[in-house]
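S.K.: coordinates for the following, if possible.
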Amino acid sequence: MGSPLVAGAVTRCSFGLAPSVLNVLPVNRVLVSNLPAANILDSKPIVNIVPFGMCNSIANPTVATATAAALGVLTPMPCIPVTGSPWISASRVLLADMPIATTDSKCMCTWGGVITVASSPAVTVRAK
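M.R.: Alright, predicted model coming up:
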């Protein structure tokens, strides 16, 4: 198991061009390494998961439209994450009655991207 996912963790999307930082609001009132800890429901677009620069997914309608306008040349467009499901986590540790998100967790974007954790500031705690 990985470390708990906390505010400030660096995240990446498989179709994004830049890394992003996870925002975790302190509503659960649990701190790890003095930072708010995330559970699997901390996957809301813009609130928790910030855009990843530009999106390369042809499943994204704005990318598909721009690519068609460029006569088939893949044209990245600004990323707006669309995460309709929670983080996928195998942790048995609960936070606010939901499993915590860990550095091993993944989140899916509607446009086909897989959002993963590149690094997390909470490195001294392990969750199983």
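
S.K.: where do the strands sit along this structure?
M.R.: 10-13, 20-21, 31-32, 35-36, 54-55, 77-78, 94-95, 98-99, 107-108, 114-119 (DSSP state E).

S.K.: so where is the chain shaky, pLDDT-wise?
M.R.: 1, 122-128 (pLDDT under 70).

S.K.: ok, 90 please
M.R.: Scanning the chain with the threshold set as pLDDT under 90 gives 1-4, 28-29, 31-34, 90-91, 120-128.

S.K.: from Ala69, how far out is Ala18?
M.R.: Per CB to CB, to the nearest Å, Ala18 is found 23 Å from Ala69. Every residue, glycine included, has its C-beta placed from N, CA and C.

S.K.: I should have written Asn23 there, sorry.
M.R.: 33 Å.

S.K.: neighbour-wise, which of the two wins?
M.R.: Asn23 (17 against 10; other CB atoms under 10 Å).

S.K.: and that one, what does it touch?
M.R.: Residues near Asn23 by CB atoms under 8 Å, 6 or more residues apart in numbering: 7, 47-50.

S.K.: can you tell me which of the residues you listed are buried?
M.R.: 7, 48-49 (16 or more other CB atoms under 10 Å).

S.K.: and Met77, how many neighbours?
M.R.: So Met77, with other CB under 10 Å, has 17 neighbours.

S.K.: chain neighbours aside, what residue packs nearest to it?
M.R.: Thr62 (4.2 Å; CB to CB, 6 or more residues apart in numbering).

S.K.: give the contact list for that neighbour.
M.R.: Thr62 sits in contact with 55, 77-78, where contact means CB under 8 Å, 6+ apart.
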